[in-house]
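**Q** Predicted model and sequence below, questions to follow.
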Amino acid sequence: MTSVELRVDDVDVTRLDDIDELAFSGLAERHRRELHVHCYRMLGSFEDAEDTVQETFLRAWRRRETFEGRATVRAWLYRIATNACLDLLAKSRPEPATGGEVRWLQPYPDRLLDELPARDADEPESAAVARETIELAYVVAVQHLAPRPRAVLILRDVVGWPAKDVAELLGDSVNSVNSALQRARAGMREHLPAERQDWGGAEDDAATRELVRRYTEASVATDIDAIAAMLRDDVRCSMPPTPGLQIGRDAVVKEWVDSCFQEMSGLRAVPTSANRQPAIGVYHWHEQEGAYLPLTVDVLRVSGGAIDEIVTFHADRFPSLGLPDRLPA
């Protein structure tokens, strides 16, 4: 098979063991973004997902003779990527902390999500699922599942694989896969927002944008009272990988006061988005640098006209989110 033939759809690819590395790379790269998102859902970490996709491509190249053409190259790569994630989870991933903290959690930039293959405009439910299953609330909930049920849930409910294909990948029976799926769905309900309409992605409207604008202004002004007025009573606030989860407006405000947030000055903010949620990159003035340098990224979840979750990430997330490394005076 020639490299020219490999430019057509996967359905025309039947063998991979007689192509060169350049042609193979071109075939695999077309699936990089969706594989990266798949690994991100499995692992909760943007960086671990990047490493796992690279491992997936390396394994695929080394085992290209195992591709038999019975399924698409895309499906074959998903199998390899899922197994690579399971291998990583088996040797290096701790359990989530008490209270639901996932300290290895990292945000996924919307600008990269925009690279995913377009979904059918006639399938609004599929578009909703795609959005909801990339939000931080979903990614965190998934991390509470054991690795194999996690893989079953993502492959069945997100990727859309039939039970028999998942069973083949995991070496289980269809009955075992169906049972694992039911347990995984039950586990997800314990960690997701109580009602589906509470998810932040459902409120991408003018009122939400105005709320985010006011939150941004209040954050730059370090006006704790103004921010507190925008929070739900049961708001959650975390800052992975730093330990500590605050639940409830009073606890969140106390943490801010104790950390002397209200005494800070010289802040600026840049709007962005991650995991299909509004976010802001906050910068702090450094006199020696003569510029505003990265401080934190706040990713917000909004429901009922108020903020019900703030996940704050450290400055090392600025590059992946495409935020400037400094702002001029």
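**A** The structure has been received and is ready for your questions.
**Q** use CA for all of it now, contacts and neighbours both
**A** Fine.
**Q** which residues of the chain fall in helices?
**A** With DSSP state H as the definition, the chain shows helices at residue ranges 21-29, 32-43, 46-62, 73-92, 110-113, 124-132, 136-143, 147-153, 163-170, 174-191, 206-220, 224-228, 249-258.
**Q** Out of those, name the one with the poorest average pLDDT.
**A** Within the helices of the chain, the stretch with the lowest mean pLDDT is helix 124-132, showing a mean of 64.
**Q** so which of the helices of the chain comes closest to residue 329?
**A** Checking the helices of the chain against residue 329 by CA to CA gives helix 206-220 as the closest, at 14.9 Å.
**Q** Now do the closest one: which elements does it pack against?
**A** For helix 206-220, the helices and strands in contact under the criterion 3 or more CA pairs under 8 Å, 6 or more residues apart in numbering; DSSP states H and E are helix 224-228, strand 267-274, strand 277-286.
**Q** Distance from that helix to the middle of the chain?
**A** Here helix 206-220 shows a centroid-to-chain-centroid distance of 23 Å under the convention CA atoms, centre = their mean, to the nearest Å.
**Q** List the buried residues for it?
**A** Neighbour counts over helix 206-220 (16 or more other CA atoms under 10 Å) mark 208, 212, 215-216, 218-220 as buried.
**Q** What of stretch 298-307?
**A** Using 16+ other CA under 10 Å as the test for burial, stretch 298-307 gives 298-303, 306-307.
**Q** and that stretch, average pLDDT?
**A** Mean predicted confidence for stretch 298-307 is 95.
**Q** distance between that stretch and the chain's centre?
**A** Distance, stretch centre to chain centre, for stretch 298-307: 17 Å (CA atoms, centre = their mean).
**Q** got a list of contacts for it?
**A** Residues outside stretch 298-307 that contact it (CA atoms under 8 Å, 6 or more residues apart in numbering) are 198-201, 203, 207-208, 211, 230-232, 235, 273-274, 277-282, 308-313.
**Q** Over to stretch 285-296?
**A** Residues from elsewhere that reach stretch 285-296, judged by CA under 8 Å, 6+ apart: 266-268, 281-284, 312-315, 318, 325-329.
**Q** among those residues, which ones are buried?
**A** For the contacts of stretch 285-296, a neighbour count by 16+ other CA under 10 Å gives the buried set as 267-268, 281-284, 312-315, 318, 326-327.
**Q** farthest-separated two in those?
**A** Considering CA to CA, no two members of the buried ones among the contacts of stretch 285-296 lie farther apart than 312 and 327, which are separated by 19.8 Å.
**Q** Name the nearest of the buried residues of helix 206-220 relative to residue 15.
**A** Distance to residue 15 across the buried residues of helix 206-220 (CA to CA) is lowest for residue 208, with 50.2 Å.
**Q** need the contact list for the closest one.
**A** Counting by CA under 8 Å, 6+ apart, residue 208 has contacts 302, 305.
**Q** please redo it, this time with the cut-off set to 7 Å
**A** Listed by CA atoms under 7 Å, 6 or more residues apart in numbering, the contact partners of residue 208 are residue 305.
**Q** just use 520 as the starting number from now, easier for me
**A** In the new count, where the first residue is 520, that last one comes out as residue 727.
**Q** quick one: it from residue 833, how far?
**A** 24 Å (CA to CA, to the nearest Å).
**Q** Quick one: neighbours of residue 809, just the number.
**A** Using other CA atoms under 10 Å, the number of residues around residue 809 comes to 12.
**Q** go on, residue 541?
**A** Using other CA under 10 Å, the number of residues around residue 541 comes to 9.
**Q** And it, how far from residue 685?
**A** For residue 541, the distance to residue 685 (CA to CA) stands at 30 Å.
**Q** I figured residue 629 was touching residue 791, is that so?
**A** No: between residue 629 and residue 791 there is no contact, the gap being 8.4 Å when judged by CA atoms under 7 Å.
**Q** Redo the buried residues of helix 725-739 as CSV? Include distance to residue 768.
**A** As requested, the buried residues of helix 725-739 are exported to CSV (distance: CA to CA, whole Å):
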residue, distance to residue 768
727, 19
731, 17
734, 15
735, 18
737, 16
738, 16
739, 19
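**Q** closest to residue 703 among those residues?
**A** Among the buried residues of helix 725-739, residue 727 lies closest to residue 703 (CA to CA), at 31.5 Å.
**Q** Next, the contact list for the closest residue to residue 794 other than its chain neighbours, please.
**A** Here the nearest residue to residue 794 in space, its sequence neighbours aside, is residue 654; by CA to CA, 6 or more residues apart in numbering that works out to 4.8 Å. If you count contacts by CA under 7 Å, 6+ apart, residue 654 has them with 794-796.
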